[in-house]
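*Asks:* Provided below are the primary sequence and the corresponding predicted coordinates.
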Amino acid sequence: MRPKITLKKIAKEFEVSISTVSKALKDSNEISKDLREKIQAFAKLYNYKPNSLAVRLQNQQTKVIGVVVPDIVHHFFSMVIRGIEEVTNKRGYNVMICLSNESFDKEVMNIDMFTNGSVDGLIASISKETQRKNDYSHFKNLLEDDFPLVMFDRINEDFNCDKVIIDDVSGAMNATSHLIETGCEKIALVTTPNEITVGALRKKGYVKALQSHGLEADTNLMVEVNEKQSIREQIEELFDRNVPDGIFAVNEVYAVTAMNVAREKGFKIPEDISVIGFTDGPISQLALPPLTTVVQHGFTMGKQAAELLLDRIESKEDIQPQKIVLSTNLKIRKSTKSV
C-alpha cells in the first residue's frame, strides 16, 4: 500500500507552495503546462484524493476557530479563553469551545468534530491522559493535512506548529529561590506525575534552584500527586515522612491543600511553613492566608495564541511556525515570610 499523500507532501516533492499544487490539480493556466502535468501524474500515481478538510482550508469560509481545553473551571484556562475571544472578536471570528475533561477519547472526538469543516483552525492544550498515553496521532493527522494549529501551555515539543507557553522552569526557579531567600532549607515539592509536561518543567526549575543555592533535592520531600487518589492523604504522607519548612506546589489547588494539612497538624503559615503555588486565581486570593503564587498570564497567552492562529489562517504564504515563551512573575502574599 502506498503511503497517504497530502498537498503538503506533493508541494515538498516539487519544491513549490501548497497553493501552486492546488492550482495545478485544478488545471489552472496560472501554472505552466509542464508542471501541471507532472504534479497531476504524481498525484494520480499516489492516488491523491482531496478531503473535506483540504477543501475547507482552501476556501476558509467559516470565520470560526475551535478551542480545546482540558478544564474550563480552572481559572487559568478561563483566562486563556478570554484572551482568545478578545482577539478573535476584533478580527471578525467566532469561537467554539470544547472540553476534553483530561480525557484522551474526548479530545480525539472534539478534534474530529472540529475538523469536519466546522472551523478554520484550532487552539489546543493537551489533556493529561493524552500525555500519559503518549499517543498524539490525532494531532499528527492535523499537521499532515496542513490544518492551522496552535498549542498552548501543555504542548508537544516535537510538533512543527505554532506554540505559546510560559517559562515554567524560570517561574519555578524564582518561587523556590524566594523560599530559600526567606530562610527555608527543607523545601518540599508537590507536583504532577512526570509525564505531565508543565509539572515536569516546574520540577526541573525547583531542582535547579536548590542546586544553585547549594541544597540537595531530597526525594523524601517530593510528592508526585496521583489525582485518582486523595490529594490530601498524599500530602499528609509527606508530613509523616519529613516535615518541610517550605512547600512549592505546581498549582494552587495543591498549594492550598498543603496549607490546610499543615494547619491541621498544628503548624502556622508562614511562621513554621512557607507555601508558594502556581496560577494566580481566586483560590490563591481567597486562601487563608492569601497565597504567594507564580502568575501565569493566561489572558496574554490566549491573545498570543489567537493572533498566531489568525495570522496563519489569513496568510497567503507559507510561514514558519513560531514558539512564544511568556515570562512569569511572583505575586507575594502572606503565605511566605518576608525577605
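*Replies:* Happy to help now that I have it.
*Asks:* C-alpha only now, for contacts and for neighbours.
*Replies:* Will do.
*Asks:* quick one: the helices in the stretch 51-200 of the chain?
*Replies:* Using DSSP state H, counting those that start in this stretch, the helices found in the stretch 51-200 of the chain span residues 52-59, 75-90, 104-114, 128-133, 137-144, 168-181, 197-212.
*Asks:* closest to F152 out of the ones you listed?
*Replies:* Among the helices of the stretch 51-200 of the chain, the nearest to F152 by Cα to Cα is helix 75-90 (9.2 Å).
*Asks:* chain center to that closest one: distance?
*Replies:* A distance of 14 Å separates the centroid of the chain from that of helix 75-90, by Cα atoms, centre = their mean, to the nearest Å.
*Asks:* stretch 195-210 now?
*Replies:* Distance of stretch 195-210 from its chain centroid, counting by Cα atoms, centre = their mean, is 15 Å.
*Asks:* residues in contact with it?
*Replies:* Contacts of stretch 195-210 from elsewhere in the structure, counted by Cα atoms under 8 Å, 6 or more residues apart in numbering, are 128, 131-132, 153-155, 168-177, 189, 191-194, 216-217, 250.
*Asks:* buried sites along stretch 115-133?
*Replies:* Within stretch 115-133, the residues that qualify as buried are 115, 117-131, counting by 16 or more other Cα atoms under 10 Å.
*Asks:* can you count the residues close to K316?
*Replies:* Neighbourhood size, K316 [other Cα atoms under 10 Å]: 9.
*Asks:* do T176 as well
*Replies:* Number of residues near T176 (other Cα under 10 Å) recorded here: 27.
*Asks:* and for G266?
*Replies:* G266 has 9 neighbours, counted by other Cα under 10 Å.
*Asks:* what of P270?
*Replies:* With other Cα under 10 Å as criterion, P270 counts 17.
*Asks:* give me the domain ranges for this structure.
*Replies:* 7-50, 59-165+298-326, 168-296 (automatic domain parsing).
*Asks:* what's the closest of these to K337?
*Replies:* Of all these, domain 168-296 comes closest under Cα to Cα, at 5.7 Å.
*Asks:* from start to finish, how long is the closest one in a straight line?
*Replies:* Taking Cα to Cα, to the nearest Å as the measure, domain 168-296 stretches 9 Å from start to finish.
*Asks:* try stretch 206-220
*Replies:* From its first residue to its last, stretch 206-220 covers 14 Å (Cα to Cα).
*Asks:* low-confidence ranges in the protein?
*Replies:* Applying pLDDT under 70 to the chain flags residues 1-4, 50-61.
*Asks:* residue ranges of the strands in it, please?
*Replies:* Per DSSP state E, the chain carries strands over the ranges 64-69, 94-99, 121-124, 149-152, 162-166, 187-191, 222-224, 246-249, 274-278, 292-295, 323-326, 329-331.
*Asks:* and the contacts of stretch 195-210, which of them are buried?
*Replies:* Buried subset of these (neighbour count, 16+ other Cα under 10 Å): 128, 131, 153-155, 168-177, 189, 191-193, 217, 250.
*Asks:* list the contacts of stretch 265-276.
*Replies:* By Cα under 8 Å, 6+ apart, stretch 265-276 touches 175, 179, 184, 244-249, 255, 258-259, 262-263, 289, 291-294, 334-337.
*Asks:* in ChimeraX, select just the buried ones from those residues.
*Replies:* Applying 16+ other Cα under 10 Å to the contacts of stretch 265-276, the buried members can be selected in ChimeraX as follows:
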select :175,179,184,244,245,246,247,248,249,255,258,259,262,289,291,292,293,294,334,335,336,337
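*Asks:* now do the contacts for E85.
*Replies:* Contacts for E85 (Cα under 8 Å, 6+ apart) come out as N94, V95, K303.
*Asks:* bridged to the closest residue to D153 other than its chain neighbours, which residues?
*Replies:* Once flanking residues are discounted, D153 sits nearest to I165: 4.7 Å by Cα to Cα, 6 or more residues apart in numbering. Beta-bridge pairing of I165 under DSSP bridges involves V325.
*Asks:* number of residues surrounding I165?
*Replies:* As a burial measure, I165 scores 21 neighbours (other Cα under 10 Å).
*Asks:* roughly how far apart are it and F248?
*Replies:* Going from I165 to F248 by Cα to Cα gives 20 Å.
*Asks:* and for L7?
*Replies:* 48 Å.
*Asks:* and for L143?
*Replies:* Between L143 and F248 the computed distance is 37 Å (Cα to Cα).
*Asks:* and the closest residue to R241 other than its chain neighbours, how far from G246?
*Replies:* Of all residues not flanking R241 in the chain, N220 sits nearest, at 6.8 Å (Cα to Cα, 6+ apart). Counting by Cα to Cα, the separation of N220 from G246 is 14 Å.
*Asks:* and what of Y93?
*Replies:* Using Cα to Cα, we find Y93 at a distance of 46 Å from G246.
*Asks:* what's the answer for S177, then?
*Replies:* For S177, the distance to G246 - Cα to Cα - is 11 Å.
*Asks:* got it, and S32?
*Replies:* As judged by Cα to Cα, S32 and G246 stand 70 Å apart.
*Asks:* could you do Y48 as well?
*Replies:* 60 Å.
*Asks:* same question for D311.
*Replies:* Noted for D311: a distance of 44 Å to G246, by Cα to Cα.
*Asks:* do S170 as well
*Replies:* To G246, S170 is 18 Å away according to Cα to Cα.
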